[in-house]
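Enquirer: Quick one, fold the following:
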Amino acid sequence: MTKSKREPSGATVKPGNYRVELTAHNTTTTAVIEVLVDPRIDKASEGIEQRYTAVKKLESYVNLAAKAVQQLGESLASIKKYEVQLRENDSVAHKSLLEKSKASQKEITRLMDAFLGKEDKRQGIVRNAEDSVMKRIYLASGYVRSRPTGMTTTEKSLLKMLQRDWKALALRKRQCFL
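Expert: Here you go, the predicted model:
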């Protein structure tokens, strides 16, 4: 599998006038450009607004997921650090704490896998990878971005599934830190 060399894109801009500023070697050039609606598309303004709103919502999910995974990673690192200290002091006296530490590490790893997906290094024909929040986000994003005339029931269903999975995972994450 090859990695994409393209930078991720944001939401497609809505029709309107935009001020563009280009700076290079201490020289700045400014221009106003006009983005027009594609005349080949019926119901363009309604579809553009639907798509723009949905893409912005999906972008917010990506940002929230990144923050959640970062917090989980920091928590995992802290637990591992304290585990090393417990082992150095007296691992027999801290046996129950060490067991709780291992259980917490496993739960945090499962949560990170639920956000990002779990890498499967097996070869050959294997069952489908588990769904992850990021997989749902990118799937919904691909469909939403491809619909210039507005969202269909497919995109709406994908967004509902993402919201359902997100709420369940956010609840699991909160419970993990109680």
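Enquirer: Which pLDDT value does the model give the residue positioned nearest the centre of the chain?
Expert: The chain has Val62 as the residue nearest its centroid, 3.0 Å off, counting by CA atoms, centre = their mean. Looking at Val62, its pLDDT reads 90.
Enquirer: thought it was touching Ala140?
Expert: No: taking contacts as CB atoms under 8 Å, Val62 lies outside contact range of Ala140: 10.9 Å. From N, CA and C alone the C-beta is placed, and that goes for glycine too.
Enquirer: what distance separates whichever strand or helix holds the residue nearest to the centre of the chain from the centre of its chain?
Expert: Applying DSSP states H and E as the criterion places Val62 in helix 44-90. Remark: helix 44-90 is offset 7 Å from the chain centroid, using CA atoms, centre = their mean, to the nearest Å.
Enquirer: which stretches of this structure form helices?
Expert: Here the chain has its helices, by DSSP state H, at 44-90, 95-116, 133-145, 153-176.
Enquirer: Kindly compare burial across these and name the winner.
Expert: Most buried of those, by mean neighbour count (mean count of other CB atoms under 10 Å): helix 133-145, with a mean of 19.
Enquirer: Show the low-confidence segments of this protein, by residue range.
Expert: Under the criterion of pLDDT under 70, the regions of the chain flagged as low confidence span 1-4, 7-8, 42-44, 91, 120, 122-129, 178.
Enquirer: State the distance from Ala140 to Ala65.
Expert: Separation of Ala140 from Ala65 (CB to CB, to the nearest Å): 13 Å.
Enquirer: and what of Lys102?
Expert: 26 Å.
Enquirer: Likewise for Ala31?
Expert: Counting by CB to CB, the gap between Ala31 and Ala65 amounts to 36 Å.
Enquirer: go on, Gln71?
Expert: As defined by CB to CB, Gln71 lies at a distance of 11 Å from Ala65.
Enquirer: quick one: contacts for Tyr143?
Expert: By CB atoms under 8 Å, 6 or more residues apart in numbering, the contact list for Tyr143 reads 154-155, 158.
Enquirer: if we can go back for a sec, can you spell out which helices and strands pack onto the helix holding Val62?
Expert: Helix 44-90 is packed against helix 95-116, helix 133-145, helix 153-176, with contacts defined by 3 or more CB pairs under 8 Å, 6 or more residues apart in numbering; DSSP states H and E.
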